[in-house]
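Trainee: Below are the sequence and a predicted model; questions follow.
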Amino acid sequence: MFTKGNFQNIIKQAKSVQDKLEATQAELEKLEVEGQSGGGMVVAKVNGKQELLSLRIDPEILSDDVEMVEDLIMAAVNQGLSKAGKESQKRMAGVSGSMMIALGDLKASDLSE
C-alpha cells in the first residue's frame with residue numbers, strides 16, 4: 001500500500017540524491033586536470049566541467065613548424081578533456097549509484113494501492 005510515510009521516504013531520498021548531485025557538480029567546477037604533449041612543452045589545464053582554463057606553450061617550440069605546434073596543442077587539450085570527462089563520469093556514477101540504491105529500497109507493494 002502506498003502510504004504517506006512511503007511518499008515522505010521517497011521525497012527524503014530524492015532530496016538526499018539531489019544534494020549529493022549538487023555537491024558533486026560543485027566539486028567538478030573546482031577540479032583541475034592537466035593534459036600534456038611534446039614532453040610537457042604544451043600543457044592544457046581543464047576543469048571538471050570540461051572547460052579549458054589555461055594553455056601553456058613553451059616558447060622554444062613557437063619557432064617550429066606551425067602544424068606541429070597546432071597538433072601539440074590539440075593533443076594536450078584533448079588529453080585534458082579526456083581526463084576531466086573520466087573523472088566527471090566517475091564522480092557522477094557515485095551519485096547515480098546512490099539514486100539507484102534509493103530506488104531499489106522501494107518495494108512494488110509500496111507503490112500499489
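Mentor: Ah, there it is. Numbers count the residues shown, from 1 in each chain.
Trainee: Quick test: name the residue nearest the centre of this protein.
Mentor: For the chain, the residue nearest the mean C-alpha position is residue 88 (1.7 Å; C-alpha atoms, centre = their mean).
Trainee: how about the strands in this protein?
Mentor: Listed in chain order, the strands of the chain (DSSP state E) span 32-37, 42-47, 52-57.
Trainee: I'd like to know which elements the second one is packed against.
Mentor: Under the contact definition 3 or more C-beta pairs under 8 Å, 6 or more residues apart in numbering; DSSP states H and E, strand 42-47 sits against helix 4-30, strand 32-37, strand 52-57, helix 66-104. Backbone N, C-alpha and C define where each C-beta goes, glycine included.
Trainee: list the buried ones in the second one?
Mentor: In other words, strand 32-37. The neighbour-count check on strand 32-37 (16 or more other C-beta atoms under 10 Å) flags 33-37 as buried.
Trainee: quick one on the thing from earlier: how about TSV for the helices and strands packed on strand 42-47, with mean pLDDT and distance to residue 44 added?
Mentor: Below are the helices and strands packed on strand 42-47 laid out as TSV (pLDDT from 0 to 100; distance: least, C-beta to C-beta, whole Å):
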stretch	mean pLDDT	distance to residue 44
helix 4-30	84	17
strand 32-37	95	5
strand 52-57	95	5
helix 66-104	85	4
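Trainee: Kindly reformat those as JSON lines containing distance to residue 43.
Mentor: As requested, these are exported to JSON lines (distance: least, C-beta to C-beta, whole Å):
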{"stretch": "helix 4-30", "distance to residue 43": "19"}
{"stretch": "strand 32-37", "distance to residue 43": "5"}
{"stretch": "strand 52-57", "distance to residue 43": "4"}
{"stretch": "helix 66-104", "distance to residue 43": "6"}
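Trainee: Please work out which of the ones you listed is packed deepest.
Mentor: For those, average neighbour numbers computed from mean count of other C-beta atoms under 10 Å are highest in strand 32-37, which has a mean of 18.
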